[in-house]
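**Q** please work out how this folds:
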Amino acid sequence: MRKFSKTPQEAPVSAGAAAVAADVNVGAKKQKRQPLFRVIKRGTSSICHGLFIRLCAIGFALLVILLFLNGVTGYDFNTIWELLFKGAFDTEFSVNMWLNSTVMLLIISVALAPAFKMKFWNIGAQGQVLMGALLASVVMWYFAEDMSYSGSVFVMLLFGFLAGGLWAFIPAFCKAKLGTNETLFTLMMNYIAIQLVACTVRIWQGGNTSIGLINPNSEAGWLAPLFGNPYGAIILIAAIVVVFMTIYLNRTKHGFEITVVGDSPNTAKYAGMNTAKIIMRTVFISGAICGVVGMLYVSGVEHTLAETLGGSYGFTAIIVAWTAKFNPVVMVLVSMGIAFFERGAVGIRNTTTQLNDYTSYILIGILLFFLIGCEFFVNYKIVPGEKVSEAYHKFRAKLEQKAPWLVQGCAWCAAALHKASATVEKFFTTAENKVKGMAGKLCRGALDKTVEAVEQCAFRIVLRGDKYKTVVYEKEEHAPSSPTAAEDASADAPESAVCEGEKEEVRND
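**A** Residues are numbered from 1 along each chain as shown. Okay, here's the model as predicted:
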């Protein structure tokens, strides 16, 4: 018989075993390979850290903008800055245009905040603005001359509010009830709104190329100047919208529901919240405020209707809202910066023929690119691998031998920077807590006064018998405890002959 060796050295090796061994060797080689850097998500980012990174991003954006304008126009940096500021703040007209751009962009950004915080990606702000402008212009075209100023403005504001809200309610309803994609739905609604506005303009203009100003002679439906500024009413409405949205998102039950639905819809359903109702209500409010912006364009800025009304603010506001983390107060600063570069580009464009109307879009694009890109460094950190760490430690050891003073100086600077950062963060945290405490006290004080006033009215005005007859009761400081005691007191009042001895006995008792 043929004998087979049972020792491992003499045992035949199968093809499967050879493949497994090869995979093990390959796996071992792959495990030895390590990346030079790793990206890790930050647990919690401090206020100073995020502020420092964003300021650095803004600084790099400004540097790139200056280099771009210097390469195109040949102007030095000082001349470029001077032209930017002149374009935004040189004359009263330029200041008013800067305010107008800031306010319009701000209101649209604030309008998008609740929907985005709920993670409903409303890309249809442009269409909602156009629908609000369309219905407001219809009121101005047909009815404003037959109405009073306040009446026409109120009706236009109402129609713009409802038009924008209903235009946003359509995709919200389909999202809540049918589960459609809100991004594509709201984006397509923009093009429908553009065509509706174009059709209306074509009907009104007849054979002309433009409808021109609406009611140019009577100025019926035009917003009157306020506080000596032609855009004063728009600024006032913007301030009201910012304050309202700040309170609505942070101090109301609806704002809490928006946060819960945005964080976890399943948690909201488990807590008994009607998520479909919350989605439709929130998106309606978002679109309604965008519709108000359309009304302001027709009544307070352009005084006409066109399919290009509002420019690209409906899309720029998306980045503004996201960059500001849906904080209406931060949106004010971002909107002011974007409007500054938009109007400043006009000042540079007027001095050279090498730039055109799209220069402002380029400058804004550079700024937004850096603002969006810096969010990566706010939320994540880059950790060096083993090879980089080893190389760094070797370099530091050599540096400590040759220049120990440099290493100590760097360590001292890092410690001082860390200490300063902790101090600044503590200051901001304390200030924020104090502001919240003061706001809470003011709100509670106002609420207590309101409740007290209502109680006084309830006690003072009592209906008896005839429902049209009111009897006013004054609250007495020492009211009797019961009706019988009051009657006894009134009955004993005429009796004046009371002995002093009896009074003393009563006191002793």
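
**Q** low-confidence bits of the stretch 151-300 of the chain, can you list those?
**A** When residues are selected by pLDDT under 70, those of the stretch 151-300 of the chain lie in 207-210.

**Q** show me where it has its helices.
**A** Secondary structure of the stretch 151-300 of the chain by DSSP state H, counting those that start in this stretch: the helices cover 182-205, 232-250, 253-263, 265-270, 275-296.

**Q** ok, residues contacting the fourth one?
**A** Okay, so that is helix 265-270. Helix 265-270 is contacted by residues Glu257, Val260, Val261, Thr275, Ile278 when judged by CB atoms under 8 Å, 6 or more residues apart in numbering. In this view, the C-beta of every residue, glycine as well, is placed from N, C-alpha and C.

**Q** sorry, back to before: could you identify which of the helices of the stretch 151-300 of the chain is most buried?
**A** Among the helices of the stretch 151-300 of the chain, helix 275-296 has the highest mean neighbour count (mean count of other CB atoms under 10 Å), at a mean of 25.

**Q** which helices and strands sit right next to that one?
**A** Where contact means 3 or more CB pairs under 8 Å, 6 or more residues apart in numbering; DSSP states H and E, helix 275-296 is packed against helix 92-117, helix 125-142, helix 149-178, helix 232-250, helix 253-263, helix 265-270.

**Q** what helices and strands are in contact with whatever helix or strand comes next after that helix?
**A** As assigned by DSSP states H and E, the chain's next helix or strand after helix 275-296 is helix 313-323. Where contact means 3+ CB pairs under 8 Å, 6+ apart, helix 313-323 is packed against helix 92-117, helix 125-142, helix 328-349, helix 359-379.

**Q** how about those helices in JSON lines, adding mean neighbour count, mean pLDDT and distance to Asn217?
**A** Shown next, in JSON lines, are the helices and strands packed on helix 313-323 (neighbours: other CB atoms under 10 Å; pLDDT from 0 to 100; distance: least, CB to CB, whole Å):
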{"stretch": "helix 92-117", "mean neighbour count": "23", "mean pLDDT": "90", "distance to Asn217": "23"}
{"stretch": "helix 125-142", "mean neighbour count": "27", "mean pLDDT": "92", "distance to Asn217": "13"}
{"stretch": "helix 328-349", "mean neighbour count": "21", "mean pLDDT": "87", "distance to Asn217": "30"}
{"stretch": "helix 359-379", "mean neighbour count": "18", "mean pLDDT": "85", "distance to Asn217": "34"}
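
**Q** could those helices be laid out in TSV, adding distance to Phe169?
**A** Output for those, formatted as TSV (distance: least, CB to CB, whole Å):
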stretch	distance to Phe169
helix 92-117	12
helix 125-142	10
helix 328-349	22
helix 359-379	29
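
**Q** and Ser389, which of the ones you listed is closest to it?
**A** When the helices and strands packed on helix 313-323 are compared by CB to CB, helix 359-379 sits nearest Ser389, at 20.1 Å.

**Q** any idea how far that closest one is from the middle of the chain?
**A** Taking CA atoms, centre = their mean, to the nearest Å, one finds helix 359-379 lying 17 Å from the centre of the chain it belongs to.

**Q** in the stretch 351-500 of the chain, which spans are strands?
**A** 380-384, 461-463, 470-472 (DSSP state E, counting those that start in this stretch).

**Q** compare the ones you listed and say which comes out lowest on pLDDT.
**A** Mean pLDDT across these is lowest at strand 470-472; the value there is a mean of 41.

**Q** okay, domains of the protein per the record?
**A** As assigned by automatic domain parsing, the chain contains the domains 75-351, 389-425.

**Q** kindly reformat these as TSV containing distance to Arg38.
**A** Converted to TSV, the domains of the chain look like this (distance: least, CB to CB, whole Å):
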stretch	distance to Arg38
domain 75-351	26
domain 389-425	11
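
**Q** look up how far Leu69 lies from the spatially closest residue to Asn350 that is not a sequence neighbour.
**A** Of all residues not flanking Asn350 in the chain, Gly87 sits nearest, at 7.6 Å (CB to CB, 6 or more residues apart in numbering). Using CB to CB, to the nearest Å, one gets 12 Å for the distance from Gly87 to Leu69.

**Q** so what sits against both of those two?
**A** Ile348.

**Q** hey, C-alpha coordinates of the helix or strand encompassing Ile40 in CSV?
**A** In this structure, Ile40 sits in strand 37-41 according to DSSP H and E. Taking Å, rounded to 0.1, in the frame of the first residue of the first chain, the C-alpha atoms of strand 37-41 are listed here in CSV:
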residue,chain,number,x,y,z
PHE,A,37,-3.6,62.2,8.5
ARG,A,38,-7.0,61.2,9.9
VAL,A,39,-10.2,63.2,10.1
ILE,A,40,-12.0,63.1,13.4
LYS,A,41,-15.3,64.7,14.3
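
**Q** mind giving me the packing neighbours of it?
**A** strand 380-384.

**Q** so how far is the strand it packs on off the chain centroid?
**A** That offset, for strand 380-384, works out to 29 Å (CA atoms, centre = their mean).

**Q** could I get the buried residue list for it?
**A** By 16 or more other CB atoms under 10 Å, strand 380-384 has no buried positions at all.

**Q** what pairs with it, parallel or antiparallel?
**A** Strand pairing for strand 380-384, using DSSP bridges, gives strand 37-41 (antiparallel).

**Q** the inter-axis angle of the partner strand versus helix 359-379?
**A** Orientation of strand 37-41 against helix 359-379 (axes from the mean of the first three to the mean of the last three CA atoms, to 10 degrees) gives an angle of 90 degrees.

**Q** in CSV, list the helices of the stretch 151-300 of the chain along with distance to Val320.
**A** Output for the helices of the stretch 151-300 of the chain, formatted as CSV (distance: least, CB to CB, whole Å):
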stretch, distance to Val320
helix 182-205, 17
helix 232-250, 13
helix 253-263, 18
helix 265-270, 26
helix 275-296, 13
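
**Q** so which of these is nearest Ala339?
**A** Among the helices of the stretch 151-300 of the chain, helix 232-250 comes nearest to Ala339, with 12.3 Å by CB to CB.

**Q** what angle sits between that closest one and helix 275-296?
**A** Orientation of helix 232-250 against helix 275-296 (the same axes, to 10 degrees) gives an angle of 170 degrees.

**Q** helices or strands up against helix 232-250?
**A** Against helix 232-250 (3+ CB pairs under 8 Å, 6+ apart) you get helix 92-117, helix 253-263, helix 275-296, helix 328-349.

**Q** and of those, who's closest to Ile58?
**A** Ranking those by proximity to Ile58 (CB to CB) places helix 328-349 first, at 8.0 Å.

**Q** what is the distance between that closest one and the centre of its chain?
**A** Put simply, helix 328-349 sits 16 Å off its chain's centre (CA atoms, centre = their mean).

**Q** again with stretch 182-198
**A** On CA atoms, centre = their mean, the centre of stretch 182-198 falls 23 Å from the chain's centre.

**Q** what sits against the closest residue to Ser137 other than its chain neighbours?
**A** Spatial nearest neighbour of Ser137, chain neighbours left out: Leu305 (4.2 Å); criterion: CB to CB, 6+ apart. Applying CB under 8 Å, 6+ apart to Leu305 gives the contacts Ala133, Leu134, Ser137, Val197, Thr200, Val201, Trp204, Ile211, Ile214, Val298.

**Q** can you pull the contacts of the fifth one?
**A** I take that to be Thr200. Thr200 neighbours (CB under 8 Å, 6+ apart): Leu134, Ser137, Val138, Leu305.

**Q** tell me the spacing between it and Cys374.
**A** 43 Å.

**Q** check the second one too.
**A** With distances defined as CB to CB, the gap from Leu134 to Cys374 amounts to 38 Å.
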